[in-house]
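S.K.: any chance you could fold what I've pasted below:
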Amino acid sequence: MLIFKKNIYEPVSPPHPENRDNPSLNPYDFLFHSLRTDREIFFGLNQLPDSEGSERSKTLFPHASLFGSIALLNAFSRRLFEGLIDRSMWHTLNAYHLTYLFDSLHGTYEDYSYSEPQQRIGIFPELNGAAIDFDDFLDNYFFGTAFLMDAERFNNMGPDEKKSLKLTDPCLFGVINQLTPAEEESCLQTTTASPYL
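M.R.: Here you go, the predicted model:
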């Protein structure tokens, strides 16, 4: 199970009868759909010549492709998908994982947003074709989006300023400066204790 700001494994309560205009997106379904689609995307990318696959990955994963090759991003995708569906333990995400998930979810959000109403209903029936508020999703489930910060701004901040802004993820420097993650930074850290007690 993946750890976010809010528990994505909690059942989504149905909207209040007076608030049917704002149906809510099931966060688990959003992640599941995005990561399952990515498994298909990587199968397709691996069928292409290296240069063409690399160019397409830059379009599909604009932030994550800055630090990772197709092979690395494919490994991230697989680990995150397995972590999402593994109900035996909790998995902590670092800035590398969150950057990848941001790109993946944003791709799903864009596909959904540009789809016809009937296609939208087929993707996320609970929304009944309504728009996804991606910023609201990020606010509710991501601890932050510091991984999108400009490298010059981040690198010019002092340690106290970074600490006061909660920019303390040890992988954040690597993501922002487009460094390839080490093996231990690519793996999900696990715990059996629930983070939502």
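S.K.: residue 185 versus the most centrally placed residue in the chain, what's the distance?
M.R.: Central residue of the chain (CA atoms, centre = their mean): residue 101, 1.7 Å from the mean position. Separation of residue 101 from residue 185 (CB to CB, to the nearest Å) stands at 15 Å. In this view, the C-beta of every residue, glycine as well, is placed from N, C-alpha and C.
S.K.: sorry, back to before: ok, the nearest residue to the residue nearest to the centre of the chain once chain neighbours are set aside - how many residues close by?
M.R.: Spatially, and ignoring its direct neighbours in sequence, residue 101 is nearest to residue 80 (6.6 Å; CB to CB, 6 or more residues apart in numbering). Residue 80: 22 surrounding residues under other CB atoms under 10 Å.
S.K.: state the helix or strand in which residue 80 lies.
M.R.: Using DSSP states H and E, residue 80 sits in helix 70-85.
S.K.: so where do the strands sit in the chain?
M.R.: 90-92, 189-191 (DSSP state E).
S.K.: just name the most buried of those.
M.R.: Of all these, strand 90-92 has the most neighbours on average by mean count of other CB atoms under 10 Å, namely a mean of 17.
S.K.: list the contacts of the nearest residue in space to residue 92 that is not next to it in sequence.
M.R.: The shortest distance from residue 92 to any residue other than its chain neighbours is 4.3 Å, reached at residue 189 (CB to CB, 6+ apart). Listed by CB atoms under 8 Å, 6 or more residues apart in numbering, the contact set of residue 189 reads 91, 92, 94.
S.K.: I'd say the first one and residue 9 touch.
M.R.: No: with contacts defined as CB atoms under 8 Å, residue 91 does not count as touching residue 9, sitting 11.9 Å away.
S.K.: between these two, what contacts are shared?
M.R.: Counting by CB under 8 Å, 6+ apart, the residues touching both residue 91 and residue 9 are residue 1.
S.K.: about what we covered before: need the pLDDT of the residue nearest to residue 92.
M.R.: On pLDDT, residue 189 comes in at 93.
S.K.: ok, it to residue 68 distance?
M.R.: If you go by CB to CB, the gap between residue 189 and residue 68 works out to 18 Å.
S.K.: can you check residue 192 too?
M.R.: For residue 192, the distance to residue 68 - CB to CB - is 29 Å.
S.K.: neighbour count winner among those two?
M.R.: Neighbours per residue (other CB under 10 Å) separate residue 192 from residue 68, with residue 68 holding more: 22 against 7.
S.K.: contact partners for the more buried one?
M.R.: 61, 76, 100, 180, 181.
S.K.: most surrounded residue in those?
M.R.: Of the contacts of residue 68, with other CB under 10 Å as the count, residue 100 tops at 28 neighbours.
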